[in-house]
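Novice: how would this look folded up:
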Amino acid sequence: MALVKTLNGHTPIFGKHCFFAENATVIGQVSMGDFCSVWYGAVLRGDVHFIRMGNRVNIQDGAVIHCTYQKSPTQIGNNVSIGHNAIAHGCTIEDNVLIGMGSIVMDDCVIGTGSIIAAGAVLTKGTIVPPGSIYAGTPAKFLKKVPPELASGEIERIANNYITYAQWYKPWDKI
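Specialist: Numbers count the residues shown, from 1 in each chain. Okay, here's the model as predicted:
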């Protein structure tokens with residue numbers, strides 16, 4: 001069973017039909033909506049500030065979601081995929097976003113709706129990604145606008161796939 005820990009009087013809050021891998025860790029001021037999943041080795045540490053997630057968010061294997069003490073919370077919208085071993089730290093990620101594997105999103109970054117952060121990208125403190133943009137590199141820079149086939153073929157497809165995968169582990173009809 002996942003480690004879900006109350007800390008300093010804050011207990012994580014979950015919506016309906018959420019899946020937590022056995023070695024996922026969720027601590028403190030964390031709230032998430034419906035149909036979310038937190039996969040193997042992922043850590044959501046709401047110990048120094050809050051983490052708020054919408055519906056249909058998947059935090060993939062080894063990803064870390066954290067904040068900056070009394071300064072920068074982490075807010076994640078709806079239909080967001082955080083890739084394997086990615087870090088989201090004290091940032092805002094709007095709706096329908098794909099954060100690629102191994103990427104790092106630092107404090108006070110804002111990732112606009114419908115954007116893709118490429119695998120391995122590093123967004124330095126305060127980077128603002130306009131809606132519908134692809135950012136890549138170290139430090140990450142604008143690459144191009146998200147074409148329609150990537151919006152449906154990647155952002156939507158991955159979010160939908162992770163709802164399916166979660167059902168393999170925890171079928172909703174058994175709840």
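Novice: in this structure, which spans are helices?
Specialist: With DSSP state H as the criterion, the chain has helices at 148-150, 157-169.
Novice: what's the average pLDDT for the last one?
Specialist: This points to helix 157-169. Averaged across helix 157-169, the pLDDT comes to 96.
Novice: neighbouring contacts of that helix?
Specialist: Outside helix 157-169, the residues that touch it by CB atoms under 8 Å, 6 or more residues apart in numbering are 17-19, 21, 35, 37, 56, 58, 60, 79-81, 96, 98. The C-beta positions use only the backbone N, C-alpha and C, and glycine is treated the same way.
Novice: Redo the helices of the chain as CSV? Include distance to Ser103 and mean neighbour count.
Specialist: Formatted as CSV, the helices of the chain follow (distance: least, CB to CB, whole Å; neighbours: other CB atoms under 10 Å):
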stretch, distance to Ser103, mean neighbour count
helix 148-150, 16, 11
helix 157-169, 14, 15
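Novice: wait, which of these is closest to Cys91?
Specialist: Ranking those by their distance to Cys91 (criterion: CB to CB) puts helix 157-169 first, at 18.6 Å.
Novice: low pLDDT regions in this protein?
Specialist: 172-175 (pLDDT under 70).
Novice: switch the cut-off to 80
Specialist: 171-175 (pLDDT under 80).
Novice: Which strands and helices lie in contact with the longest strand seen in it?
Specialist: For the chain, the strand with the greatest residue count under DSSP state E is strand 43-53. Packing contacts for strand 43-53, counted by 3 or more CB pairs under 8 Å, 6 or more residues apart in numbering; DSSP states H and E, involve strand 25-31, strand 64-66, strand 74-76.
Novice: Apply 10 Å and report the result again.
Specialist: strand 3-5, strand 25-31, strand 58-59, strand 64-66, strand 74-76, strand 87-89 (3 or more CB pairs under 10 Å, 6 or more residues apart in numbering; DSSP states H and E).
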